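Student: Predicted coordinates and the sequence they were generated for:
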Amino acid sequence: MKELKIFAILVIFTGIVYWGVEPYAHSQMHEHTSEVNFDFKAGDIAQAEVELKKANESGKKDDIDFATKKLEDTKKLWANVDKIASLKTDVEAGKADFEANCASCHRVEFDELVAADDGISAQGIIYPDLSTAGAIYDSKFLMAISLNPALAMKNNKKYNDENPHPMMTAFLEDDGSISDENAQSVANIVGYLNSIGKAALEAKKTKIANEINASKLSDSEKVAKINFENKKVIFEEACGRCHDVKYDGFIAKVNGGDLKDYMGSTPPDLSIIIRAKGDEYLHKFINDTQKQLPGTAMPRVGLNEQAQDDVVAYLTSVGDSKKAEREDLGYKIMAYFALLAILAYAWKNAIWKELH
Amino acid sequence: MAHFEKSNGIVDWLDQRLAIKKFMQVMMTQYWIPKKINFLWAMGVILLTMFAILFITGLLLVMYYKPDVALAFDSVNKTIMQEVEYGWLWRHMHGVAASVVFLVMYIHLLTGIYYGSYKKGREIIWISGMVLFVLFSAEAFSGYMLPWGQMSYWAAMVITNLFGGIPFIGPELVEWIRGDYAVGDATLNRFFMLHVCLLPIVVIAFVAIHFYALRFPHVNNEIAEEIDFDLEAEKYLAGKKKEAKVISFWPDFLCKDIFYVCLFMIFYFYLVCFHYDFAMDPINFEPANALKTPPHIYPEWYFLWSYEILRGFSYEVGLACFGIAQVIFFVLPFLDRSNVVAPAHKRGAFFVWFWLLVIDMIVLTIYGKLPPVGINNTIATIASVTFLALLIVVLPVITLMERKAK
């Protein structure tokens, strides 16, 4: 059994090399970041604390001041959100509040609120239609973004008092607190969006399903296609204003050049981002962009867990479209060679009987 | 003209014209291999299998690949990976084999060192093998560029830049290699030519030379015993197969090798279908971007040890040491001053030297990927000095002592 001993040595040394250049090297090259957290309040405060700690370590005064203020602002923002979330909502009043506060820029086509003026778009950037917002975004995130968009989307490094965020809101008082009246108003708006979100999304999905069902595909193909398109809808709503997915024939709604002027860089095509970044990274990145890639131009979009899963599932089915085929074939090929090995071994024994 | 008889079948017809029977004897049935060898001797056939896979899958990939900076990335990642039937399979087989072939090559090379197979009479086998190693390296590097991903581009930048360190002609040489001031379309096209045409031809030629070089000194064996192959072959042919110290290449040797190849293929296809990413840097799934440097630039795992030697010193010294590391194994038969041909565990100091070399190369490999900061730099320098010292100083000294002790 000397051969087995040699083989064991070979496996051990190969294993050490593998461990060194893969898991170990990656653990050294990429900073460890905390897990995905859909409790945005806890996640944001924890992240702001991490950033403050880093700033303190760097010793740079500007960084420390910025991080200290960010932690304070974050705590204040989410305290306000908690206050809003505890209120009872009035959907009818919410619609009226929406029309008064949001409808000059945002449309809700599903509810026929289409008065928004395209002419006021910021630097060529169209404002999102909020028909499905209640279904794909976290409710508390929607409250936070109504109060302080830059901080909620985590691009507060870019947008500040001198350079205000294009989404202007005036719900907060000068000291950062919120009046009872305004709190009720935000609660109502979010309540309104929540009340129509699911129905708006279902209407989109039903329309797609009807088209697919009317096509000439086989039944199993129809099921697969509907499943795929249902996830794609979420992607379009959540990411499709900025990101292309060329390999799926999907082009972003906003012109790339405008986006570059607005965001500072062209959002990457996401066709095979799943291969470049992997499942875990994408989940963390969508959940909190700044945590995974500090300084990135991409805002945190505030997807809820289900919507985020759907987005990553869509990206996986486009970027790794042959996964099922690959794995299915993998077992077959391995079984084939296992069988062949047994036959080869028997043949070898037959021949070597004469030799030994 | 020679006399031809009416043939009694296709084999005879061919035999009269091509001497295929004699050819089969020389190449297969009377090509004698020592009986006392272990599975490490199967690495040659595994390498040949891998090369065949690379060649065939490469041909299939070339049917769809476009060597143009505007099209290359999508032709690989969309056309081949998603649109062509089983294109993903050919691509993964090609990519994984390109990496695995180096693992097997290193095992093959270290086996040769351990059992002293580079010594006395087998120098040409060793040197032609080293030429193959260098050719495979060039082949791997030129192929790595083709998908035109981020790491392809930046690896090409870094590697072509190395030539800039050559005295006097450096900058002009870099420009000449790239065909442009920076890595670009011209570079991609010439690397494409090298990868699919020139280098494979030269590789095939050297594989033939490598095999041919085996015919005279014959294959070494587990105990480095000197065998009278003619005498042993006579015994074998006389039917005393159990007594003979040799076996025929076909079917005796190959039947065993085919078994090992099958086992190896299970491992290989496990990687291809379930863990292809072990061999593909994720950064390479982002299209090349000349304006955005990746946070870490490093070569594929099999070049890390020599990359680390490059980084282990200041630029000029590092470059010189890197150059030496690339060629030092060529002269191994001449650095080993002892005339003892024996496996390492029978050679005392050489045994210790061998394992130190293996460990040092693993340290170089692991640290070659880590960012060159702080303690990593110190380790790089120590391990690089150790590597060069082991080969240039320690090996001649201990083998001279071995010779004197005899």
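Tutor: On my side now, so go ahead.
Student: Looking at chain A, which residue is nearest chain B?
Tutor: A:G330 (2.7 Å; CB to the nearest CB). All C-beta spots, glycine's among them, are computed from the backbone N, C-alpha and C.
Student: Hmm, that residue is touching B:I266, no?
Tutor: No - assessed by CB atoms under 8 Å, A:G330 is found out of contact with B:I266, at 10.5 Å.
Student: more neighbours, the two?
Tutor: Set A:G330 next to B:I266 and count neighbours by other CB atoms under 10 Å in any protein chain shown: A:G330 wins out with 20 against 16.
Student: ok, now which ones touch the residue of chain A closest to chain B?
Tutor: By CB atoms under 8 Å, 6 or more residues apart in numbering or on different chains, A:G330 lies in contact with B:269-270, B:272-274.
Student: Repeat that for A:D248.
Tutor: A:232, A:271, A:318.
Student: please redo it, this time with the cut-off set to 6 Å
Tutor: Each residue near A:D248 by CB atoms under 6 Å, 6 or more residues apart in numbering or on different chains is listed here: A:V318.
Student: Per-residue pLDDT of it, please?
Tutor: With respect to pLDDT, A:D248 scores 95.
Student: In the helix or strand hosting A:A324, which residues are buried?
Tutor: Per DSSP states H and E: A:A324 is located in helix A:323-352. Of all the residues in helix A:323-352, those buried under the rule 16 or more other CB atoms under 10 Å in any protein chain shown are A:326, A:329-330, A:333-334, A:337, A:340-341, A:344-345, A:348, A:351.
Student: cool, and stretch A:58-78?
Tutor: For stretch A:58-78, the neighbour count (16+ other CB under 10 Å) marks A:63-64, A:66-67, A:70-71, A:73-74, A:76-78 as buried.
Student: Average pLDDT for it, rounded please.
Tutor: Stretch A:58-78 comes out at a mean pLDDT of 93.
Student: ok now that stretch, how far from the chain's centre?
Tutor: Distance, stretch centre to chain centre, for stretch A:58-78: 25 Å (CA atoms, centre = their mean, to the nearest Å).
Student: quick one: contacts of that stretch?
Tutor: By CB under 6 Å, 6+ apart, the surrounding residues in contact with stretch A:58-78 are A:41, A:44-45, A:48, A:51-52, A:55-56, A:144, A:148, A:151, A:176.
Student: Output it as CSV - backbone C-alpha positions only.
Tutor: Extracted in CSV, the C-alpha atoms of stretch A:58-78 (Å, rounded to 0.1, in the frame of the first residue of the first chain):
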residue,chain,number,x,y,z
SER,A,58,-7.1,56.5,10.5
GLY,A,59,-6.8,59.6,12.8
LYS,A,60,-7.9,61.9,10.0
LYS,A,61,-10.0,64.7,11.5
ASP,A,62,-12.3,65.1,8.5
ASP,A,63,-13.1,61.4,8.4
ILE,A,64,-13.8,61.3,12.1
ASP,A,65,-16.1,64.3,12.0
PHE,A,66,-17.9,62.8,9.0
ALA,A,67,-18.3,59.4,10.6
THR,A,68,-19.4,60.9,13.9
LYS,A,69,-22.1,63.0,12.3
LYS,A,70,-23.2,60.0,10.2
LEU,A,71,-23.7,57.8,13.2
GLU,A,72,-25.7,60.6,15.0
ASP,A,73,-27.8,61.3,11.8
THR,A,74,-28.4,57.6,11.3
LYS,A,75,-29.6,57.1,14.8
LYS,A,76,-31.9,60.1,14.5
LEU,A,77,-33.3,59.0,11.2
TRP,A,78,-34.2,55.6,12.3
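Student: near chain B, which residues of the stretch 251-356 of chain A show up?
Tutor: Residues of the stretch 251-356 of chain A that fall close to chain B, judged by CB under 6 Å from any CB of the partner chain: A:272, A:275-276, A:321-322, A:326, A:330, A:333-334, A:337-338, A:340-341, A:344-345, A:347-348, A:351, A:354-355.
Student: Including secondary structure, could the buried residues of stretch A:58-78 go into JSON lines?
Tutor: What follows is these, written out as JSON lines (DSSP: H, G, I helix; E, B strand; the rest coil):
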{"residue": "A:D63", "secondary structure": "helix"}
{"residue": "A:I64", "secondary structure": "helix"}
{"residue": "A:F66", "secondary structure": "helix"}
{"residue": "A:A67", "secondary structure": "helix"}
{"residue": "A:K70", "secondary structure": "helix"}
{"residue": "A:L71", "secondary structure": "helix"}
{"residue": "A:D73", "secondary structure": "helix"}
{"residue": "A:T74", "secondary structure": "helix"}
{"residue": "A:K76", "secondary structure": "helix"}
{"residue": "A:L77", "secondary structure": "helix"}
{"residue": "A:W78", "secondary structure": "helix"}
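Student: and the residues you listed as TSV, adding distance to B:I20?
Tutor: Shown next, in TSV, are the buried residues of stretch A:58-78 (distance: CB to CB, whole Å):
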residue	distance to B:I20
A:D63	79
A:I64	83
A:F66	81
A:A67	80
A:K70	81
A:L71	83
A:D73	85
A:T74	82
A:K76	89
A:L77	84
A:W78	83
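Student: Which of the residues you listed lies at the shortest distance from A:V17?
Tutor: Taking CB to CB as the measure, A:V17 lies nearest A:D63 of these, at 39.5 Å.
Student: one step back: near chain A too, which of the contacts of A:G330?
Tutor: Within these, those near chain A by CB under 6 Å from any CB are B:269, B:273-274.
Student: Among those, name the ones in helices.
Tutor: Mapping those onto helices (DSSP state H) picks out B:269, B:273-274.
Student: From the structure, what's the count of residues near B:N289?
Tutor: Applying other CB under 10 Å, we find 13 residues neighbouring B:N289.
Student: wait, is it part of a strand?
Tutor: No - checked against three-state DSSP, B:N289 lies outside a strand; its state is coil.
Student: State the distance from it to A:T266.
Tutor: 10 Å (CB to CB, to the nearest Å).
Student: The residue nearest the centre of chain B and chain A, how far apart?
Tutor: Per CA atoms, centre = their mean, the C-alpha nearest to the average position across chain B is that of B:F133, at 3.8 Å. Using CB to the nearest CB, to the nearest Å, B:F133 is found at 17 Å from chain A.
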